[in-house]
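Engineer: Predicted coordinates and the sequence they were generated for:
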Protein chains: 2
Amino acid sequence: MNDTPSRVSDARTHACHDSTAFLTDMYELTMLDAALRDGTAHRKCAFEVFTRRLPAERRYGVVAGTARVIDAISNFRFTEEQIASADFLSDEAKEYLRNYRFSGDVDGYREGDLYFPFSPILTVHGTFAECVILETVILSILNSDSAVASAASRMVSAADGKPIIEMGSRRTHEQAAVTAARATYIAGFDATSNMEASLRYGIPASGTAAHAWTLLHVDENGKPDERAAFQAQIDAAGKDTTLLVDTFDISRGVENALEVAGTELGAVRIDSGDLGIMSRRVRHQLDEAGAFNTRIIVSSDLDEFAIAGLRGDPVDGFGVGTSVVTGSGAPTAGLVYKLVEVEGHAVAKRSSGKATYGGAKSAYRAYRASGVAVAEVVHPEGADIAQKPNLEYRKLTVPMIRGGEIVDAPFDLEDARELHRQARETLPWEGLALSRGEVAIPTQFVGFPEPAE
Amino acid sequence: MNDTPSRVSDARTHACHDSTAFLTDMYELTMLDAALRDGTAHRKCAFEVFTRRLPAERRYGVVAGTARVIDAISNFRFTEEQIASADFLSDEAKEYLRNYRFSGDVDGYREGDLYFPFSPILTVHGTFAECVILETVILSILNSDSAVASAASRMVSAADGKPIIEMGSRRTHEQAAVTAARATYIAGFDATSNMEASLRYGIPASGTAAHAWTLLHVDENGKPDERAAFQAQIDAAGKDTTLLVDTFDISRGVENALEVAGTELGAVRIDSGDLGIMSRRVRHQLDEAGAFNTRIIVSSDLDEFAIAGLRGDPVDGFGVGTSVVTGSGAPTAGLVYKLVEVEGHAVAKRSSGKATYGGAKSAYRAYRASGVAVAEVVHPEGADIAQKPNLEYRKLTVPMIRGGEIVDAPFDLEDARELHRQARETLPWEGLALSRGEVAIPTQFVGFPEPAE
């Protein structure tokens, strides 16, 4: 195949450079330009990432994408091609972009931590100019990754200790697929089908065969030969593989699987039908044949509710696709990036019904001695809070960038996964409910000099 | 700022090479490996992309992403790093991947065209091995792009000729944002906020200022100074700009805008409140001041229903974000990639209630003499159909790749946009209804030798 001719060059999958600087809305550049002209570009500002509410009346959210944000800020450098294309900009603005390096501070919640309405997930300090143009890429990353992690965490709770494999790559943008796998891993999924996610992030990869594998095995007359397919898979992957048994008839599929692999077969996968009924039948069939250790993996439009509904059934693992990569009904986290402070003055948009405190903020989470979380305590950055003697407090806000330099913060993926596991365990039991309802813990504003407008 | 230290290297935004080969599910590689071992790898196969139903009971879908798929197939080359990381593969499989070049044929619907249940949107011919490993990247692209285009097209209908700007970048993955802008443009949006989409695809960029711009303008006591913000924007961008008037009080905002810009002001934008009521009030206020040509742009959680609800109001343009990039309730198109033919034999999974015809297919769309579409006519590839004398037929399936070489097919973005505009006009009037209901035209299977299993 020849190289792509120019006719399709407008469709290239991604720009092959590390620059993240054009993953940006035009108005950030026009604001920058106007601010350079009127002298406000260099005002000291703080922008804050938070959400006013959790989608779908969920009980908690899961922070994901922060390490990708820090990386995107590092790579926020404009190429000459980008600058030349922004022909609406003044020469001064173009020169500013040419020399752009973020030189401010970033503080925020660790990846894997929980968040609630008004949790100050990320705070960016610097000049107006250097902070405002980071808005879009910061929100794109946090909104997509946190949406996936928040959905995934509920599925992990629902699975009650049984492993979940993420297999949703085909249902989302090809690059979002890779980072979705990462977000689900933070939330407690065990593996991904996505090869790039496995290579890039070190997430265990998983996968054996699709229906196409069985359908490929026809005899010379075009008649299906499921046993030939199973035999070839066992020959290539050994008996500890997972055979997909529902291409034609599930009972016959299990029969064929046992005939070919015997009782040492690793697992069977069921990808259609009523998974509760089918898993019980298949378990019975496997046990009757003495295949007590052969596991049953199910997939097929599973979400947290379907997973919870299978708790009483002999299912040993789940494959989850569409629902998790699309946030299970909430495909974006609804996080916003708002200017909260200008030259030390708290600022806020006037909005009916929205209690918004200006000013840069930090947060603690308060726990009972039993370890159960009771409140998200948000306070002005710099000030500290009066801690109640009967509660324990964990500081949620950690430094990530100081003067443009990345702080040695915990950005390890396994750390994030472990943090999330621990944080989820501290939720009061209502907080783990899958149903719509109230947020798991209230957000308290402490130490603010004035009420919200 | 220093280069990213190794602590965050697991979070890099994307791999900086053109290879699309690892945007792939692991099971495609294990199937490839097993097929090389048992000799089925080289069987001649056809895979087909289609959907069994349209999401949310919509009336039609819009094909988008095809040019990106063709490009992804061109760049489907494995790097040594990728091959080395796939340590579960046999040496034979690794060698196969090292030399991989797609050498088969691809046929399908043009970007911008409509599709319906069982429309054969894309058909991939080649050996099992070379076709099966393309599954994930093909579906990722078509499912994400078509989901966005299908939602966007409904919004364009609802807007009834008024322009729509796509501004949803911050609500979706940073790379999905770029391709979402492309998909909305195919569907008839007029511009995007996304700089990379403008640079990469030549889509008009649009954007002026956010609330942060107004909030930045405080006096030395920290008091808001909206007029200073408007003045600075006019100074930088001229009077033909769009002033965002709802940061504090809309009426006062419009007053300030008119004081600064006079009646030559290009537009005002309203981003909160009841947009119908507010647009009428603002129109009145503008007209009273003689600013008859100042346009009113609205944004704020708009979707196709909200846009339709504003038809009677004095709105001159829409900014749409979250809803369009998340597919307005249907974030993935539900397209599948199924093996339909092996060595000339039609194959299909047995599925209750799913009428599935095996074998490679092509399609026509049939129209009345008036130009109204009446049916999607799907027939076996190679065979042709008996055309009814009272109908006109348009061939939907066009060659895209032949023997691994890209055919000179119409992959121009403007062509796709124009094709969509024309195709949408041929829908029967019920087909443009925003409500849930039946598919706009039926899909007819003609000339198949045997009924579906």
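Structural biologist: Everything's here; your move.

Engineer: which element follows the helix or strand where residue A:31 lies toward the C-terminus?
Structural biologist: Using DSSP states H and E, the element containing residue A:31 is helix A:26-38. Per DSSP H and E, the first helix or strand lying C-terminal to helix A:26-38 is strand A:44-50.

Engineer: So what touches whichever helix or strand comes after that next one?
Structural biologist: Next helix or strand after strand A:44-50 toward the C-terminus (DSSP H and E): strand A:61-62. Contact partners of strand A:61-62, identified using Cβ atoms under 8 Å, 6 or more residues apart in numbering or on different chains, comprise A:51, A:54, A:112-116, A:119, A:146, A:149-150, A:152-153, A:186-187, A:333, A:420. Glycine gets a C-beta too; all of them are placed from N, C-alpha and C.

Engineer: Point me to the residue of the stretch 251-400 of chain A nearest chain B.
Structural biologist: residue A:345 (3.0 Å; Cβ to the nearest Cβ).

Engineer: and that residue, bridged to which residues?
Structural biologist: Beta-bridge pairing of residue A:345 under DSSP bridges involves residue A:342.

Engineer: give the contact list for residue A:27.
Structural biologist: Taking Cβ under 8 Å, 6+ apart, we find residue A:27 in contact with B:193, B:207, B:208, B:209, B:210.

Engineer: Not counting sequence-adjacent ones, nearest residue to it?
Structural biologist: Nearest residue to residue A:27 in three dimensions, chain neighbours excluded: residue B:207, at 3.3 Å (Cβ to Cβ, 6 or more residues apart in numbering or on different chains).

Engineer: shouldn't the one you found be in contact with residue A:26?
Structural biologist: Yes - contact criterion Cβ atoms under 8 Å: residue B:207 and residue A:26 qualify, at 3.3 Å.

Engineer: in the stretch 301-450 of chain A, which spans are strands?
Structural biologist: Along the stretch 301-450 of chain A, counting by DSSP state E, counting those that start in this stretch, strands occupy A:317-320, A:336-342, A:345-346, A:361-367, A:373-380, A:392-395, A:397-402, A:405-406, A:443-445.

Engineer: contacting residues for residue A:293?
Structural biologist: Residue A:293 is in contact with A:263, A:264, counting by Cβ under 8 Å, 6+ apart.

Engineer: Confirm that it lies within a strand, as I assumed.
Structural biologist: No - Residue A:293: not assigned to a strand; according to DSSP: H, G, I helix; E, B strand; the rest coil it is coil.

Engineer: State the mean pLDDT of the helix holding residue A:31.
Structural biologist: Mean pLDDT, computed over helix A:26-38, is 97.

Engineer: Repeat that for stretch A:365-382.
Structural biologist: Mean predicted lDDT for stretch A:365-382 stands at 97.

Engineer: May I have the distance across it, first residue to last?
Structural biologist: 17 Å (Cα to Cα, to the nearest Å).

Engineer: For that stretch, which outside residues touch it?
Structural biologist: Contact with stretch A:365-382 is made by A:46, A:107, A:114-116, A:118-120, A:123, A:357, A:359-364, A:385, A:388, A:390-394, A:396-397, A:425-428, A:431, A:440-449, as judged by Cβ under 8 Å, 6+ apart.

Engineer: how much space between residue A:176 and chain B?
Structural biologist: As judged by Cβ to the nearest Cβ, to the nearest Å, residue A:176 and chain B stand 4 Å apart.

Engineer: at contact distance from chain B, anything in stretch A:263-283?
Structural biologist: Yes - using Cβ under 8 Å from any Cβ of the partner chain, stretch A:263-283 comes into contact with chain B via A:272, A:273.

Engineer: try stretch A:197-206
Structural biologist: Yes - counting by Cβ under 8 Å from any Cβ, chain B is contacted by stretch A:197-206 at A:198, A:199, A:200, A:201, A:202, A:205, A:206.

Engineer: Excluding chain neighbours, give the residue nearest to the second one in space.
Structural biologist: So that's residue A:199. Leaving aside its chain neighbours, residue A:199 sits nearest to residue B:85 (4.7 Å; criterion: Cβ to Cβ, 6+ apart).

Engineer: per-residue pLDDT, the one you found?
Structural biologist: Note on residue B:85: pLDDT of 97.

Engineer: hang on, it packs against residue A:197?
Structural biologist: No - the criterion here is Cβ under 8 Å, and residue B:85 misses it with residue A:197 at 11.4 Å.
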